[in-house]
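Peer 1: Could you look at this predicted model? Sequence included:
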Amino acid sequence: MTASVPLLPTEAALAETLRKQAGHVVPYEALIKRLWPRVDYPDYHARAHLRVLVHRIRSAFEDETGELVIATVVNRGYAWTGPHDG
């Protein structure tokens, strides 16, 4: 499964991180640490960035398939629900 539009590097890294743990909730904190290891963002700021990235990834994949590929688990994180490479 490929995106209908090219993903930016950070978007691709987020999508890959979620895909590798498909079906499992990846906590916000783990995603923030993975994407921005050397940046000390306030939590609300980093989560806002994550929301934008997730929105862009959803738009790229869901426009193509019509299926939800990333689920939001409120107050916990995100989970990849789309197809994945075993």
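Peer 2: Everything's here; your move. Numbering: from 1, shown residues only.
Peer 1: And for the closest residue to residue 8 other than its chain neighbours, the neighbour number?
Peer 2: Leaving aside its sequence neighbours, residue 8 sits nearest to residue 56 (CB to CB, 6 or more residues apart in numbering; 7.7 Å). For every residue, glycine as well, the C-beta is placed using N, CA and C. Using other CB atoms under 10 Å, residue 56 has 18 other residues around it.
Peer 1: Output the strand or helix carrying residue 56 as CSV, restricted to C-alpha atoms.
Peer 2: Taking DSSP states H and E as the definition, one finds residue 56 inside helix 43-65. This file holds the C-alpha atoms of helix 43-65, laid out as CSV (Å, rounded to 0.1, in the frame of the first residue of the first chain):
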residue,chain,number,x,y,z
ASP,A,43,3.8,18.1,25.3
TYR,A,44,0.9,20.1,23.9
HIS,A,45,3.1,21.5,21.1
ALA,A,46,4.4,18.0,20.1
ARG,A,47,1.0,16.5,20.1
ALA,A,48,-0.3,19.3,17.9
HIS,A,49,2.5,18.4,15.4
LEU,A,50,1.5,14.7,15.6
ARG,A,51,-2.1,15.6,14.8
VAL,A,52,-1.0,17.5,11.7
LEU,A,53,1.2,14.6,10.6
VAL,A,54,-1.5,12.0,11.2
HIS,A,55,-4.0,14.1,9.3
ARG,A,56,-1.7,14.3,6.3
ILE,A,57,-0.9,10.6,6.4
ARG,A,58,-4.7,9.8,6.7
SER,A,59,-5.4,12.1,3.7
ALA,A,60,-2.7,10.4,1.6
PHE,A,61,-3.8,6.8,2.3
GLU,A,62,-7.5,7.1,2.9
ASP,A,63,-8.1,9.1,-0.3
GLU,A,64,-6.8,6.1,-2.1
THR,A,65,-8.5,3.3,-0.2
